[in-house]
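**Q** Build the 3D model from these lines:
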Amino acid sequence: QEVKGDELTAVKDANFMNSLSGKVAGVQINSGATGAGGATRVVMRGMKSLTKDNNALYVIDGVVSDDGQFNNMDFNDIESISILKDASSAAIYGSRAANGVVLVKTKGGQKGKVTVSYNGYVGFNQATELPEMCDSWEYAELYNKAMGKEVYSAEEIQKYKDGSDPYNYPNEHYLDKLLGNKGLQTGHELTVNGGNDKTQYMVSFGYVKQNGLMEHNHYDRYNGRVNLTTELAKNLTLTTRLGGVVSKRSEPSTPGGMDSAGFKAFSSNALRFPGLWATKLEDGSYGLGPKVLGTPLAWLDSGSFYDENFDKFRSNVELAFTPVKGLTLKAIGGYNYTGQQIRHYRSAMEITGGKKLGPSSLSDTMYKTVYKTFQALADYNVKFSKNDLSVLVGYTWEDESQRTVGGSRLNFPSDEVPYLNAGGADGQTNSGGGYDWAIMSVFGRLTYNYDQRYLFETTMRYDGSSRFPTDNKFGFFPSVAVGWRLSE
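**A** Numbers count the residues shown, from 1 in each chain. Sure thing, here's the model as predicted:
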């Protein structure tokens, strides 16, 4: 099933995948992260595994891509998205297509005068609905009932109810104050399109900003893309696609020393904590909270943060030659680079009575991922009388490597210097790692139909992977599908 790019632009969202919701039967768009800029994933026909990845395989302009590259695309650059759900159509992509395939085609240049277009929007996001939590006096009454004795006296319950002593007998609604806000989101893209009979080009620049419902949660992304198509000779075309993304996602985090950290700790504890503890007391200090750790609203002021920075570059060069009618020969080369830095700082925080949460800590990890691929394809299509025949043969090679380096330290002198060299040497750690893998495949597909009534398709793949032992690196994987179109 295919979704045109124009349908995606009808729903404005920082992540275009949310625009697919409800447009394709049997496809679920699930959010894998909370807050502004959170990644999403495509799940087809339900979850197939409880412990393994259920994500679809993403293919952008003929090159396999990770979900990070896919999530960060600008919907204005997309011409169409095709969803392959059944085993027969996805078989040509091998075992990685077990959860379905998402094919993305980006826009190219058009012949004619140079055109400059702008697309922008401004909007707000808010929670559709939040759970209705008990008032503090209702909780006290229910707690007495559950315990079968008077833990909270009638006088205390009245103070919770009338608000006469808001610092000692408050009526806090942590979840409403955390997530009851509106977040600004805005996106802007400038596109230049044009060309002549020999060369067509499309150049675009975009910016997206999304603020979350919670304070200190925001996402900023810059996109750039150049698609260039050149006719080198008769029946010989070179297509070059270059794209880049720079993004930053920021979230609040909890103070040091707590068991739970990160964005989700706020909402989960706001749901669990009854509103019996004031966030701030009369003297301006932070209240103790139910576990002598303060309240979720107090943690927002702690200075703790989680930052995720991405630098992505994507390139794709395709050379296509049509020597005779119906036969297309293609060579495709791709190179993707991803640089990622994750910084998680948890500050020390003081609450009333001189109680200190801590120590402060910082973990700083950097990732570098490089993906390379080469494909050689021959595609032949012929039609004679009532017969349609299509033959595809190809060779693919993929290689990916990642290197990781990180470190952590404790006891920072100030929240103003959240950098590793400012932390204490005692308890410091460092880490590093990486991986390398490669895949090589030879494959073929034959498709035949008679009078659009009787259908036949067979796919064969000979795959090799570096992940397997030397004696078992390669395997042969055939598939066959037959059909009869009853309507014909």
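
**Q** What ranges in this protein fall below the confidence cut-off?
**A** Applying pLDDT under 70 to the chain picks out residues 9-12, 14, 16, 31-34, 45-52, 68.

**Q** need the longest helix for it.
**A** Across the chain, the longest stretch assigned as helix under DSSP state H is helix 136-147.

**Q** tell me which strands and helices that helix is in contact with?
**A** helix 154-162 (3 or more CB pairs under 8 Å, 6 or more residues apart in numbering; DSSP states H and E). Every C-beta, even on glycine, is put in place using the N, C-alpha and C of the backbone.

**Q** List the buried residues for the helix it packs on?
**A** 156-157, 159-161 (16 or more other CB atoms under 10 Å).

**Q** Serialize those residues to TSV and add fields for distance to A233.
**A** Compiled in TSV, the buried residues of helix 154-162 are given as follows (distance: CB to CB, whole Å):
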residue	distance to A233
E156	88
I157	87
K159	87
Y160	83
K161	85
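
**Q** Tell me the one of the residues you listed nearest S247?
**A** Among the buried residues of helix 154-162, Y160 lies closest to S247 (CB to CB), at 44.9 Å.

**Q** That closest one against L276, yeah?
**A** Yes: using CB atoms under 8 Å, Y160 is in contact with L276, at 7.4 Å.

**Q** who's in contact with stretch 224-242?
**A** 61, 74, 77, 106-109, 195, 197-206, 243-245, 313-323 (CB atoms under 8 Å, 6 or more residues apart in numbering).

**Q** Are any of those buried, and if so which?
**A** Buried among those by 16+ other CB under 10 Å: 61, 74, 77, 106-109, 195, 200-204, 206, 243-245, 313-316, 318, 320.

**Q** Can you name the residues in contact with stretch 87-102?
**A** 27, 42-45, 48, 53-59, 64, 70, 81-85, 392, 441, 443, 445, 457, 459, 461, 463, 477, 479, 481.

**Q** Narrow those to those in helices?
**A** F70.

**Q** As a check, name the ranges of all helices in this structure.
**A** 5-8, 67-71, 87-90, 136-147, 154-162, 174-179, 263-272, 296-299.

**Q** winner for burial among those?
**A** Mean neighbour count (mean count of other CB atoms under 10 Å) peaks for helix 296-299 among those, with a mean of 24.

**Q** That helix packs against which elements?
**A** Partner elements for helix 296-299 (3+ CB pairs under 8 Å, 6+ apart): helix 174-179, helix 263-272, strand 349-351.

**Q** how about the strand ranked longest in the chain: buried residues?
**A** Counting by DSSP state E, the longest strand found in the chain is strand 424-450. The neighbour-count check on strand 424-450 (16+ other CB under 10 Å) flags 439-445, 447, 449 as buried.

**Q** now do stretch 105-118
**A** Quick answer for stretch 105-118 (16+ other CB under 10 Å): 105-109.

**Q** Same question for stretch 118-138.
**A** Neighbour-count burial for stretch 118-138 flags 119, 125, 130, 133, 136-138 (criterion: 16+ other CB under 10 Å).

**Q** now, which of those sits nearest N15?
**A** Closest approach to N15 among the buried residues of stretch 118-138 (CB to CB): N125, at 11.7 Å.

**Q** any idea how far the residue lying closest to the closest one once chain neighbours are set aside lies from G212?
**A** Nearest residue to N125, sequence neighbours excluded (CB to CB, 6 or more residues apart in numbering): G183, at 4.9 Å. With the distance defined as CB to CB, to the nearest Å, G183 ends up 5 Å from G212.

**Q** Between these two, which contacts overlap?
**A** Shared contacts of G183 and G212 (CB under 8 Å, 6+ apart): A36.

**Q** In terms of neighbours, single out the busier of these two.
**A** G212 (25 against 20; other CB atoms under 10 Å).

**Q** Need the nearest residue in space to the more buried one, chain neighbours excluded.
**A** A36 (3.8 Å).

**Q** ok, how many other residues are close to the one you found?
**A** That count, for A36 with other CB under 10 Å as the rule, works out to 25.

**Q** Surely it and H218 touch.
**A** Yes: with contact defined as CB under 8 Å, A36 reaches H218; the gap is 5.4 Å.

**Q** Could you pick out the buried ones from the contacts of stretch 87-102?
**A** Restricting these to buried positions leaves 27, 42-44, 54-59, 64, 70, 81, 83-85, 392, 441, 443, 445, 457, 459, 461, 463, with burial counted as 16+ other CB under 10 Å.

**Q** So which of the residues you listed sit within strands?
**A** Judged by DSSP E, strands contain the following of the buried ones among the contacts of stretch 87-102: 27, 42-44, 57-59, 64, 81, 83-84, 392, 441, 443, 445, 457, 459, 461, 463.
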